[in-house]
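*Asks:* Here is the input, now give the coordinates:
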Amino acid sequence: MKPDSGWYREGKAFFNIDRAFYRPHSQVGRDLAILAAALYRVRHGQLRVLDAMTGCGVRALRYQLEAEADWVWANEGNPEVQATLAKNLALGMRPRSYRITQQDANQIFFSCYQQRDFYDLVDIDSFGSPTPFLQTALWATKIGGLLYLTSTDTRTTGGHNVEKSLQVYGACARAHPAVHEQGLRLLIGTALQQAGTKGMQVQPIFSLFNGSVHRVMLRLVMDQPWLPENYGFLGYCHDCGHYQTVSWRKLGDVRCPACVSSTPAKPMTLSGPLWLGPLHDIDFLGQMIRLAKDWQWSRRVKLLKIMEAEANLPPYYFTLGEIGRHGKLDIPRRDRLIQLLRDRGYQAALTHLDFQAVKTDASIATCIELAKQESTNP
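*Replies:* So this is what the prediction gives:
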């Protein structure tokens, strides 16, 4: 039954926000989480969710109403929203299928570990960085389960506060044109390192940047080999725009290979350590696409297909503005440039991280060459 006026609707959930924080723009992250959670339940036969910072309860409601969660623990530390939360869940959720608490998230995670009460999906929708909760959240997540992390501190991950990035992520985040992707890779890399201290690993299911918020869905795994090529540094040359990945063993003298004729050789600006592997699990994305089609979520199908195409491309992208600036030409047409790159035998695709950019395994020099060719032969 639809509640009276003054309530919101998202998916199948009706809810009141009152004093709780609610960002409609972030629905895309919740939609993808619901798809992943629904697929997990089909695959494993159950879904127990711990929503550690539930706010008004929209995620808790949707995990049950749409992903068919068997049990949801909705925790919210802000006492001012407890009445609203209780009202929303009482209206939309099955009796005796959920629990509401008002505790610090770390206390919840410790309690889960002590009681061996592990969850299939742990959702941390934090403000700022999730790293204060990351290590304890790993203790509350079932092996093979999902961990959903949020970061809203794009200033730090974008290279504008190096000291804070060292403090929060144990990594040096430097400014360059592909920082939207850098934010996701810092999150994954930090989770990978923290899981590694416990003899575990994480694998990205999907990684999302919605224009202001980074979210990554990770699978917690055991007995997987550590792949050093997936955890290292990203080098960027401010002089020519070239990117390259850099391993720990090559940190002593990193120079731009595209500027070899320069004297002295141009040093590269390094960011990291961070995750250098695939941003998404292509097989899982394929399942999410099929489910989104079944649910007639056409906008999410379009997004997921873009994510699918970008998944295994290098850990950076070239903005059209950078290609134009370094090539001293007008900004090239994105779709035409992608086609020219493919015609040359390169991989090239859109990226959901920046719709005025291309992801490709070609160098920026090749992108500039083709853009110039296109500008002289329109």
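
*Asks:* Met217 falls within a strand, correct?
*Replies:* Yes: Met217: assigned to a strand according to DSSP: H, G, I helix; E, B strand; the rest coil.

*Asks:* If you drop the residues flanking it in sequence, what lies closest to it?
*Replies:* Counting by Cβ to Cβ, 6 or more residues apart in numbering, Met217 lies nearest to Ile205, which is 4.1 Å off, once chain neighbours are set aside. Using the backbone N, CA and C atoms, a C-beta is placed for each residue, glycine as well.

*Asks:* Tell me how many other residues crowd Cys240.
*Replies:* Using other Cβ atoms under 10 Å, Cys240 has 16 neighbouring residues.

*Asks:* List the residues that contact the residue nearest to it when sequence neighbours are not counted.
*Replies:* With Cβ to Cβ, 6+ apart as the criterion, Cys240 has its nearest non-adjacent residue at 5.2 Å, and that residue is Ala258. Contacts for Ala258 were tallied using Cβ atoms under 8 Å, 6 or more residues apart in numbering; they are Cys237, Cys240, His242, Ser363, Ile364, Ala365.

*Asks:* Let's have these in JSON lines, adding pLDDT, secondary structure and distance to Ile100.
*Replies:* JSON lines is the format used below for the contacts of Ala258 (pLDDT from 0 to 100; DSSP: H, G, I helix; E, B strand; the rest coil; distance: Cβ to Cβ, whole Å):
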{"residue": "Cys237", "pLDDT": "95", "secondary structure": "coil", "distance to Ile100": "52"}
{"residue": "Cys240", "pLDDT": "94", "secondary structure": "coil", "distance to Ile100": "55"}
{"residue": "His242", "pLDDT": "95", "secondary structure": "coil", "distance to Ile100": "52"}
{"residue": "Ser363", "pLDDT": "97", "secondary structure": "coil", "distance to Ile100": "54"}
{"residue": "Ile364", "pLDDT": "97", "secondary structure": "helix", "distance to Ile100": "52"}
{"residue": "Ala365", "pLDDT": "96", "secondary structure": "helix", "distance to Ile100": "57"}
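
*Asks:* Any stretches of the protein with poor pLDDT?
*Replies:* 1-6, 262-263, 378 (pLDDT under 70).

*Asks:* Look up how far Ser375 lies from the residue nearest to Cys240.
*Replies:* Distance of Ala258 to Ser375, given as Cβ to Cβ, to the nearest Å: 21 Å.

*Asks:* and if you look at Asp223?
*Replies:* Distance from Asp223 to Ser375, by Cβ to Cβ: 53 Å.

*Asks:* So for the two, which sits in the more crowded spot?
*Replies:* Between Asp223 and Ser375, counted using other Cβ under 10 Å, the more crowded position is Ser375 (14 against 8).

*Asks:* my guess is that one meets Arg333, correct?
*Replies:* No: assessed by Cβ atoms under 8 Å, Ser375 is found out of contact with Arg333, at 9.4 Å.

*Asks:* Let me see the contact set for the residue lying closest to Ile282 once chain neighbours are set aside.
*Replies:* Distances taken as Cβ to Cβ, 6+ apart place Ala311 nearest to Ile282, at 5.1 Å, with adjacent residues excluded. Contact analysis of Ala311 by Cβ under 8 Å, 6+ apart lists Pro278, Leu279, His280, Asp281, Ile282, Leu285.

*Asks:* for Ala311, phi and psi?
*Replies:* phi -60, psi -50 (degrees, to the nearest 10).

*Asks:* returning to that earlier point: now do the SS call for the residue nearest to Met217.
*Replies:* Relying on three-state DSSP, one would call Ile205 strand.

*Asks:* Report the separation between it and Asp104.
*Replies:* From Ile205 over to Asp104 (counting by Cβ to Cβ), the distance is 27 Å.

*Asks:* who has more neighbours, the two?
*Replies:* Counted by other Cβ under 10 Å, Ile205 and Asp104 do not tie: Ile205 has more neighbours, with 22 against 13.

*Asks:* any idea how far the more buried one is from His176?
*Replies:* 26 Å.

*Asks:* Over to Lys305?
*Replies:* 27 Å.

*Asks:* More neighbours: which of those two?
*Replies:* His176 (21 against 17).

*Asks:* Which ones among the contacts of Ala311 map onto helices?
*Replies:* With DSSP state H as the criterion, helices contain Ile282, Leu285 from among these.

*Asks:* most neighbours, which of the contacts of Ala311?
*Replies:* Leu279 (25 neighbours).

*Asks:* Give the closest residue to it in space, chain neighbours not counted.
*Replies:* Ser207 (4.4 Å).

*Asks:* shouldn't the one you found be in contact with Leu218?
*Replies:* No: judged on Cβ under 8 Å, Ser207 makes no contact with Leu218 at a distance of 9.2 Å.

*Asks:* Need the overlap of contacts for the two.
*Replies:* Ile188.

*Asks:* related to what we said a few turns ago, what residues does the residue nearest to Met217 make contact with?
*Replies:* Ile205 neighbours (Cβ under 8 Å, 6+ apart): Ala36, Leu146, Met217, Leu218, Arg219, His280, Asp281, Phe284.

*Asks:* One more: Gly183?
*Replies:* Counted by Cβ under 8 Å, 6+ apart, Gly183 has contacts Ser151, Thr154, Thr157, Gly158, Phe209, His214.

*Asks:* what's the answer for Ala357, then?
*Replies:* Pro177, Ala178, Tyr317, Phe318, Thr319, Leu320, Arg334, Thr351.

*Asks:* Now distance to Arg62 too, for those, in CSV please.
*Replies:* Shown next, in CSV, are the contacts of Ala357 (distance: Cβ to Cβ, whole Å):
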residue, distance to Arg62
Pro177, 35
Ala178, 32
Tyr317, 31
Phe318, 36
Thr319, 34
Leu320, 36
Arg334, 34
Thr351, 27
